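# okay, predicted coordinates and the sequence, questions at the end:
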Amino acid sequence: MNAPLIRVDGVSKFYPRVHRAGERMRAFMALLAGREPQDGAEVLHDVSFEIRPGESFGIIGENGAGKSTLLKILTGVISPSRGSVEVNARIAALLELGAGFQPEFSGLDNVRMKASLLGMSPRRLERKLDDILAFADIGDYIHEPVKHYSSGMVVRLGFAVVTASDPELLITDEVLAVGDESFQKKCIRWIEAFLERGNTLLMVSHSMYQVQKLCRRALWLQDGRAQLQGDVFEVTQSYLAWHESRGAQEKRQRATARGESGLYRIESMDVAPRSGDEVRLASGEDLGLELVLHSPDGRAPVALVGIVRADGTPVYGVASDQDGARPERVDEHHYRFRVRFRAPPLLPGLYSLRGHAMDPEGLRLFDTAEQRFLVRGESRELGMVRLEHEWTDEGPGDAESSR
Amino acid sequence: MKRLAHPIFWQLVSRSIRKDYLENLTGFAWLILQPLMLLSVYAFVFSTIFKARVPDSLDVGFVAYLAVAFWPWTAFSEAVLKAGGTVRANAALIGKVAFPSELLPLSMVVATFLMNMAGYAAVLVVLSLTGTDIHWLGVVAMLPVLVLLAVLAGAIGLVMSALQVFVRDVAQILPPLMTFWFFTTPILYSPTYLPDRLAEVIAWNPMAWFVGFVRAAALQGELHPGLAGIAIAVSALLLFWLGLRFFRRLSGHFEDFL
């Protein structure tokens, strides 16, 4: 087994407190004495992993989870407070678009600068210059100052130089999100070829699609700690699942907060026909809904009801004030709405019935409840609803007169 | 030392030269015009108002006497001041790209010296054409001494640029300190006219040795570095090594403080 290209062992990073002059002085003295600052805001805690040559490794996590700090440590921009980092490769990092670009200087000058930052000798750069310009593909703009560039052009130029520097390990941080579709594809093609040549990739991305496409292993950082690492699908799926559950939790919290602050909300929603926990609808059967809304000020709220397909595509929606429907008053703060969809012409499949609470003006939406239901049956028709139709002998223009 | 040979070094040098001068409207001319204007102000004030005199043993005008010492000092002082600000000025670069950041102050020192030496050469030619007896062999011989001066500027620049990250006040303190150093160096006056006790103190100023050496070399063709010269050479190199160690100890943490 070959030796790891990167070995990160128990790395922690504190950002020392340096807001006041006294704190700066103390931290400075500690550094002079050769001590690492051991307190302050901890952004990474005991992170360890290894990357072997030829691997592709993704780092995912929320904003502020410590991803960028970790990359800065790997590239040597900052040093870890604890732990050790070992890098045995020629690294090229695309950390931020245009890092090291001087806005006043021309694109060409900046290419020279960036290339030398990546350790390319002037002679080597001259050999590669045509390739760089061809990859960046920004035409005569190369002679303009970089401050006149669009952000996409800056990334093109930056990436072009990196491709020419012939790295063994490429580190990218979300840069592929910039740039147009065709350039993104070009970059991804280049990265794939780069990996095929046996090189190594370390990427940070919020795009699970990109991570899954380009990486084989992944690390999920959460609040500076390694939450999970391993196979890319396992890690990305856990990450997404965690996001969903947190989203639902937040929603519940919002709903409670709403109740406490006294806004319009859904007290209860009941859907028929019900069989146990499930709602199943046979073809030709009516779909019934009872919605009780809470009104903090005693005025009658507006109810909005709608049907969506399981993937969220809306089928139909209507508000009680559009139909001029008046709710039944249960007590001072509660109003009951009853709706019946007579034999809805839905094709078999999974749908959701949604009820929403709105203010009496029907302008603002405050709360949402959802009930999934299944339309049973078998049909080879396409789409969501069955439209009334007949097969006839008449031409299309005669349709009106035949009625 | 391998880190100092990084390809970025000459990029940085050429970048600072172009940024400061070549993209100005008048460009390169300021390289000579600015110190020339300063020189005429000092020459007027000191030769006409204060009646400063050149030592009797020397057969040169006051302007020539002043100019020969003035350019090396300007190079030194400008190099220290500019290098001192480089780390903070390049905070964005340091935070994003890993490269030996000591090259920032050092490239600035080299760029400043190169530019000022171009002006120095021009001034020496002008002086020679207007009748001052310039000893060209001495001028060539002073080159290693000017390199030594740049090494000293580099040592101070390294320390100051790293220090400025942690102690911001350095940016405010450094210019008046350099002005003080300028007046305590025998540039506008000859050390021979100083009261004995003051002359003894000022003899400890390493810049006094540099100024004395370039004057003797360019105006009289005399080269005697002496024991002081060797001591200064050794200490400049030692200071540079210490400055580099100081800088490297701190440079891994710049990003946390910038």
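Noted; the coordinates are in hand.

# can you count the residues close to the residue of the stretch 101-250 of chain B found nearest chain A?
Residue nearest to chain A within the stretch 101-250 of chain B: residue B:166 (3.9 Å; Cβ to the nearest Cβ). Where you see a C-beta, it was placed from the backbone N, CA and C, and this is true even at glycine. Residue B:166: 20 surrounding residues under other Cβ atoms under 10 Å in any protein chain shown.

# against residue A:27, how distant is it?
Between residue B:166 and residue A:27 the distance is 7 Å, computed by Cβ to Cβ, to the nearest Å.

# again, but for residue B:103
Residue B:103 is 25 Å from residue A:27, by Cβ to Cβ.

# please, where are all the helices along chain A?
Assigned by DSSP state H, chain A shows helices spanning A:21-32, A:67-75, A:107-117, A:122-136, A:151-164, A:181-196, A:208-214, A:232-261, A:320-323, A:399-402.

# turn these into CSV, columns for mean neighbour count.
Shown next, in CSV, are these (neighbours: other Cβ atoms under 10 Å in any protein chain shown):
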stretch, mean neighbour count
helix A:21-32, 15
helix A:67-75, 22
helix A:107-117, 23
helix A:122-136, 16
helix A:151-164, 23
helix A:181-196, 15
helix A:208-214, 18
helix A:232-261, 13
helix A:320-323, 15
helix A:399-402, 8
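
# got these as JSON lines, with mean pLDDT and distance to residue A:225 columns?
Shown next, in JSON lines, are those (pLDDT from 0 to 100; distance: least, Cβ to Cβ, whole Å):
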{"stretch": "helix A:21-32", "mean pLDDT": "77", "distance to residue A:225": "24"}
{"stretch": "helix A:67-75", "mean pLDDT": "86", "distance to residue A:225": "11"}
{"stretch": "helix A:107-117", "mean pLDDT": "86", "distance to residue A:225": "32"}
{"stretch": "helix A:122-136", "mean pLDDT": "88", "distance to residue A:225": "38"}
{"stretch": "helix A:151-164", "mean pLDDT": "84", "distance to residue A:225": "30"}
{"stretch": "helix A:181-196", "mean pLDDT": "83", "distance to residue A:225": "28"}
{"stretch": "helix A:208-214", "mean pLDDT": "81", "distance to residue A:225": "19"}
{"stretch": "helix A:232-261", "mean pLDDT": "70", "distance to residue A:225": "13"}
{"stretch": "helix A:320-323", "mean pLDDT": "88", "distance to residue A:225": "49"}
{"stretch": "helix A:399-402", "mean pLDDT": "53", "distance to residue A:225": "67"}
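
# turn those helices into TSV, including distance to chain B.
Below are those laid out as TSV (distance: least, Cβ to the nearest Cβ, whole Å):
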stretch	distance to chain B
helix A:21-32	4
helix A:67-75	5
helix A:107-117	4
helix A:122-136	7
helix A:151-164	11
helix A:181-196	19
helix A:208-214	22
helix A:232-261	26
helix A:320-323	55
helix A:399-402	67
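
# find the residues that touch each one of residue B:166 and residue A:27.
Residues touching both residue B:166 and residue A:27 by Cβ atoms under 8 Å, 6 or more residues apart in numbering or on different chains: residue B:257.
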